[in-house]
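Visitor: test case, fold it:
(one chain, ligands or ions: 2)
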Amino acid sequence: MVVIYSNENNPSALKLIIAHNFVSAKFDLKLVKPNDSSLQEPRHLPYLELHNGQIIFMPNAAICYIFPVPEKYSSQVNELLEWETTILSPTLAYTIGSSVKNETLRSKLQAALEKLNTKLEKNNYLVGESVTSADISVWCDIFPLYKSPELSKEYFSALPNLTKWVLKLESEPQFKNALESFKIVVGQEAYTALLNGARYPPPTVTNEVQIKEKDSPQHQAEAVTSEELLAAEKAWKKDVSQLPQLKKHNKVVLPVAGEKNIFITSALPYVNNVPHLGNIIGCVLSADVFARFSRLCNYNTLFICGTDEYGTATETKALEEGLTCKEICDKYFKIHSEIYKWFNISFDHFGRTSNPEQTEICQDFFLQLNSNGFMFTQSVDQLHCEKCNRYLADRFVEGGCPNIGCSYEDARGDQCDGCGKLVNAIELKNPRCKVCGSTPELKSSTQFFIDLPKLEPLLRHWMKLSETGWSNNAQVIARAWLKEGLKPRCITRDLKWGVPVPLDGFQNKVFYVWFDAPIGYISISKAYTKDHEKWWKPAKDTQVTLYQFMAKDNVPFHSVLFPSMLLGTNRGYTTVSHIMATEYLNYEDGKFSKSRGIGVFGNDAQSTGIPSDVWRFYLLYIRPESQDSSFSWSDLVTKNNSELLNNLGNFINRALMFAKNNFNKTVPNMVPTSEDYTLLALCTREMKAYVTALEKGKLRDGIRHILSISRHGNQYVQVNQPWVLCKGTEDEKTRAGTVIGICCNLACLIATLLHPYMPDTSSSLQKQLNASTVAITPGNVEIVTLLPPGHKLGDPAPLFAKIEPTTAEEMKKRFAGTQEERKNVNGKEKGSGNNVDVKALEEEVAKQADRVRQLKSSAKEKSVWQPEVAILLDLKKKLEVAQKASAVQNNAKPTGIPNNVEVSGTLKSLQDEVTKQGLVVRKLKEGGVEKSLWQPEVDKLLALKKQLAQVSGEPVSNGQKNKKGKK
Ligand SMILES: Nc1ncnc2c1ncn2[C@@H]1O[C@H](COP(=O)(O)OP(=O)(O)OP(=O)(O)O)[C@@H](O)[C@H]1O
Ligand SMILES: N[C@@H](CCS)C(=O)O
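Guide: Ligands and ions are numbered 1, 2, ... in the order given. Prediction:
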């Protein structure tokens, strides 16, 4: 059951109730007292508690969760919601809620209402043709204003569209019903409550709470307790020379007795393609943020990963590219390594499962489990293709889905993309070999099985002790597996590419990829250090905590199969204590897919010119933590421009520029008042919540707490107006110094907190502050004076650049379809379409060149025009490809193709020919035949590839000959 928790009269709760009235799902509403000790930290009311215990605190996020925004309006709605949070709501609170009248704020409120009035000139709703979250949120803000006759007269009399809209919504059943069931106060009282913290109820009774009314309006609509205030003051005055220093990172990290030893792995990516954004956030990026945070806490941290190179995913790719499996692994290992480097993933070691250590450890594991009685053999029916003379691994066979109710024709041998369910290859209807298309036959073969039912009692006992630290989905998935009862699992295959089974009679078989893949964690750490057993079999006085990051589909293997293997050896291996599994990231509401080439891939991200830190930020901001989430280009642009540029960047740049221009790049003398300690107390709250979130692996929440600190900072600057104070009396000048000094210190704190999320930005900010990263002490989170008065700052520079909103549409177009289709530049094989594409691209290039020229001549920073230059270069490259392809089509047959190779006319059939010829070459090479026999076939393959390259405009994908430069 989803529950809305609120105190009485809370206007933000009204928002959630209205949103709830728009959907059929039924939630519970629980009215609570702000000082109820069972309230979830940080006790912001209202909040939404989901089925899985997840809490959503931000009212706008909760509205969008309850009543999702239609995709096509998401960017407009998000922009309005952002404006509501940062401008409308605080302006209302300060202007109407404060007893002190302020003309500047009054006109700001008037301007905000006028903006809404203009928006509603031609429309019935703020966005689109029906109510969205934006209408609900804004309406609840201004309804109490409209309901006060006096205030209504003052603010609404000249705003007919806005008035009409308020009344129209009030009469709609969802609004009417909510107002009847949940009373709110109207008029000034509503906004005073907002200003004084009704929205953020304090944890203790009101008389202990500092609610201040001064001459100027408060900078926060929140209250802090006297304890929080005292603690903030004490921390600020602390002698910082005693603080723990950040430990130096050892070249080889080993666990140490008595210390916190954190061992982190991220799922080992297959080498069947470039990783896409889903793979990146699901595994390596999430693990990286956690590893960086762990190092910031001075924990002894080891982070390893590597490519998962065996199995049919590799074989399929090898066939597709006409390379050997080894060549595919080498090629993609390099590509993966480069992409992760670009994303700044801080592995201590990035290895590969094709290393010799893998064979040694994997075979040893098997023999040990076998001798412990956890293996048995059994005859298995498998599909065999006579024509290819091989057993067909799951990925090499396709056919009709056997699952009831699904009629998908192209189900894979392991899983059906139509219904998403697992498939047993031998049950496929009308199976066909993916390589040659012929119908395979059923044949028997003896295989090894791991006896999971026999291991089940050990596993159950272990799981009871371990699962509490797992993400919720990991617990649910693992329990579901156990509930069904474990079944034996076949762990050998009749394939060549893999770790050979080390037993007589089985030499032609290899281990199934999911038996060997998790062993990769051990072999990769062995490749990193010969002392790897200190991590895997720690001494009695040394505690190692293993965190494993992955997406949900990997959970069964990490929660059931691998632990069973480890327990079954009975050698005291370290087992996982925290399975940190994400849900799935979707691509603009479709599914990312590596094998099908759908979505944005690591190299695509690089080619956009958007810095890797912005990618990291956005992926973490939308991390699919408790449910699937969607990557959307327009949302990426909105979040960059609102959160990074307008919020975070604006706060930091404002503070540092002000210090440069008015205080000679030096932290001024600071004389903090209780108002400043209130700010510090609020930021301490956010910092504590940040540490708690990160410790639990709630990376998505962590970044929001950093953004809240800069939001507090922006409000503080806005209210204190140091630019005015600076021109005033000596006291006012001192006050300006205090404000700016505190802001520089908050910027320094942000630089540290940002390090796990945006390492480049963090170090660039540190350079601007002339400071270094400080350690975080999770047991004692406080804000100290990191930059004392007199500290010399560096040179300020903008941290983020605006991304033009038009970029979203451009990128959406550019990355539509599959990787293959993109390479083909909008379907060259359709013949006449080509010249049109060339023309369209020429126009795009001209337009983009103009944009770049204008930006450069407007003397904007390089960081502003650089992304646009990258887009231009990419467009030019595409144009060149399209021009070449167009020339090929117009000339019927490309030059340089030997006569024995026919030009097939279509790109698709050429690709098929390359795949088939690749298979012929591979079979000959792997079959050990003489070079004189396979060389002519290699030549034919190269000629075909060349022809394909000319038609597709892509460079020839090299075989060894090219690599060695012999050609
Ligand atoms: N959309 C996604 N969101 C988050 N994690 C993902 C997503 N897709 C895959 N992963 C994770 O990335 C890793 C590699 O996945 P995999 O190679 O199977 O990619 P894939 O795109 O799902 O493959 P395919 O569609 O080709 O079967 C796995 O740990 C998987 O859980
Ligand atoms: N290669 C697997 C993970 C192995 S740990 C995957 O990418 O899903």
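Visitor: bridged to the residue of the chain found nearest ligand 2, which residues?
Guide: Checking the chain residue by residue against ligand 2 with Cβ to the nearest ligand atom singles out Asp308 as nearest, at 3.5 Å. Using the backbone N, CA and C atoms, a C-beta is placed for each residue, glycine as well. On the basis of DSSP bridges, Asp308 is bridged to Tyr270.
Visitor: can you get me a residue count around the residue of the stretch 401-550 of the chain found nearest ligand 1?
Guide: Closest to ligand 1 within the stretch 401-550 of the chain is Met550: 4.7 Å, counting by Cβ to the nearest ligand atom. Close neighbours of Met550, defined as other Cβ atoms under 10 Å, add up to 24.
Visitor: now the one 3 residues further on
Guide: Asp553 is flanked by 13 other residues according to other Cβ under 10 Å.
Visitor: same check, this time on Glu309
Guide: Quick note: Glu309 (other Cβ under 10 Å) scores 30 neighbours.
Visitor: what does the stretch 251-400 of the chain put close to ligand 2?
Guide: Ala267, Leu268, Pro269, Tyr270, Asp308 (Cβ under 6 Å from any ligand atom).
Visitor: separation between the closest residue to the residue of the stretch 401-550 of the chain closest to ligand 1 other than its chain neighbours and Asp417?
Guide: Nearest residue to Met550, sequence neighbours excluded (Cβ to Cβ, 6 or more residues apart in numbering): Ala267, at 3.9 Å. With the distance defined as Cβ to Cβ, to the nearest Å, Ala267 ends up 21 Å from Asp417.
Visitor: more neighbours: which of the two?
Guide: Neighbours were counted for Ala267 and for Asp417 using other Cβ under 10 Å; Ala267 has more, 26 against 14.
Visitor: which residues touch the spatially most central residue of the chain?
Guide: For the chain, Leu619 is the residue whose C-alpha lies nearest the centre (Cα atoms, centre = their mean; 2.8 Å). When contacts are counted by Cβ atoms under 8 Å, 6 or more residues apart in numbering, Leu619 touches Leu277, Ile280, Ile281, Leu285, Leu585, Phe631.
Visitor: so Gly351 sits right up against Thr529, yeah?
Guide: No. When contacts are counted by Cβ atoms under 8 Å, Gly351 is not listed as touching Thr529 (11.3 Å).
Visitor: out of those two, which sits in the more crowded spot?
Guide: For the pair Gly351 and Thr529, the greater number of neighbours falls to Gly351 (23 against 18), based on other Cβ under 10 Å.
Visitor: spell out which parts of the stretch 501-650 of the chain neighbour ligand 1.
Guide: Residues of the stretch 501-650 of the chain lying near ligand 1 (Cβ under 6 Å from any ligand atom): Met550, Ala551, Asp553, Asn554, Thr582, Tyr584, Leu585, Phe592, Ser593, Lys594, Ser595, Arg596.
Visitor: among those residues, which one has the most neighbours?
Guide: Thr582 (28 neighbours).
Visitor: you'd agree that one is up against Leu285?
Guide: No. Judged on Cβ under 8 Å, Thr582 makes no contact with Leu285 at a distance of 10.0 Å.
Visitor: quick one: contacts for the residue of the chain closest to ligand 2?
Guide: Leu268, Pro269, Tyr270, Val271, Thr353, Val513, Ala517, Gly520.
Visitor: one more: Leu302?
Guide: Val253, Pro255, Asn261, Ile262, Phe263, Ile264, Asp348, Ser525, Trp535.
Visitor: beta-bridge partners for the closest residue to the second one other than its chain neighbours, please?
Guide: Taking Cβ to Cβ, 6+ apart, and ignoring the residues beside it in sequence, Pro255 has Asn261 as its nearest neighbour in space, at 3.8 Å. In this entry, Asn261 is beta-bridged to Asn300, Val544, by DSSP bridges.
Visitor: pLDDT score for Asn261?
Guide: For Asn261, the pLDDT comes out at 98.
Visitor: that one: neighbour count?
Guide: So Asn261, with other Cβ under 10 Å, has 23 neighbours.
Visitor: shaky segments in the stretch 501-650 of the chain?
Guide: 589 (pLDDT under 70).
Visitor: ok, now with 90
Guide: For the stretch 501-650 of the chain, the stretches with pLDDT under 90 are 507-508, 513, 587-598, 626-627.
Visitor: what of the stretch 801-950 of the chain?
Guide: The low-confidence ranges in the stretch 801-950 of the chain, as defined by pLDDT under 90, are 805, 812-950.
Visitor: one more time with 70
Guide: 824-839, 859-861, 863, 881-916, 919-934, 936, 946-950.
Visitor: and if you look at the stretch 1-150 of the chain?
Guide: Using pLDDT under 70, the flagged stretches of the stretch 1-150 of the chain are 1, 34-35, 37, 40-44, 52, 54, 100.
Visitor: the helices in it, which residues?
Guide: Under the criterion DSSP state H, counting those that start in this stretch, the stretch 1-150 of the chain carries helices at the ranges 11-21, 59-66, 74-83, 89-97, 103-119, 133-146, 149-156.
Visitor: contacts for the second one, please.
Guide: It stands for helix 59-66. 2, 4, 12, 15-16, 19-20, 22-23, 25, 27, 46-48, 50, 56, 77, 81, 84-85, 133, 136-137.
Visitor: the residues you listed: which ones sit near ligand 2?
Guide: Counting by Cβ under 6 Å from any ligand atom, no member of those reaches ligand 2.
Visitor: need the buried ones from those selected in PyMOL.
Guide: Per 16 or more other Cβ atoms under 10 Å, the buried members of the contacts of helix 59-66 correspond to this PyMOL selection:
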select buried, resi 2+4+12+15+16+19+20+22+27+46+47+48+50+56+77+81+84+85+133+136+137
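Visitor: domain-wise, how is the protein divided?
Guide: 2-198, 214-237+586-794, 261-367+471-582, 894-967 (automatic domain parsing).
Visitor: compute the first-to-last residue distance for the third one.
Guide: Which is domain 261-367+471-582. 24 Å (Cα to Cα, to the nearest Å).
Visitor: check the offset of it from the chain's centre.
Guide: Centroid separation for domain 261-367+471-582 versus its chain: 20 Å, with Cα atoms, centre = their mean, to the nearest Å.
Visitor: likewise the second one?
Guide: With Cα atoms, centre = their mean as the basis, domain 214-237+586-794 stands 19 Å off its chain's centre.
Visitor: show me where the stretch 301-450 of the chain has its helices.
Guide: Under DSSP H, counting those that start in this stretch, the stretch 301-450 of the chain gives helices at 312-321, 325-342, 356-371.
Visitor: can you check which of those gets nearest to Lys812?
Guide: helix 325-342 (21.8 Å; Cβ to Cβ).
Visitor: what sits against the closest residue in space to Pro805 that isn't next to it in sequence?
Guide: What sits nearest to Pro805 in space, not counting adjacent residues and going by Cβ to Cβ, 6+ apart, is Val637, at 5.7 Å. Shown in contact with Val637 (Cβ under 8 Å, 6+ apart): Ser75, Ile803, Glu804, Pro805, Thr807, Ala808.
Visitor: next up, the contacts around the second one.
Guide: When contacts are counted by Cβ under 8 Å, 6+ apart, Ile803 is found next to Ile610, Leu636, Val637, Asn640, Asn641, Pro867.
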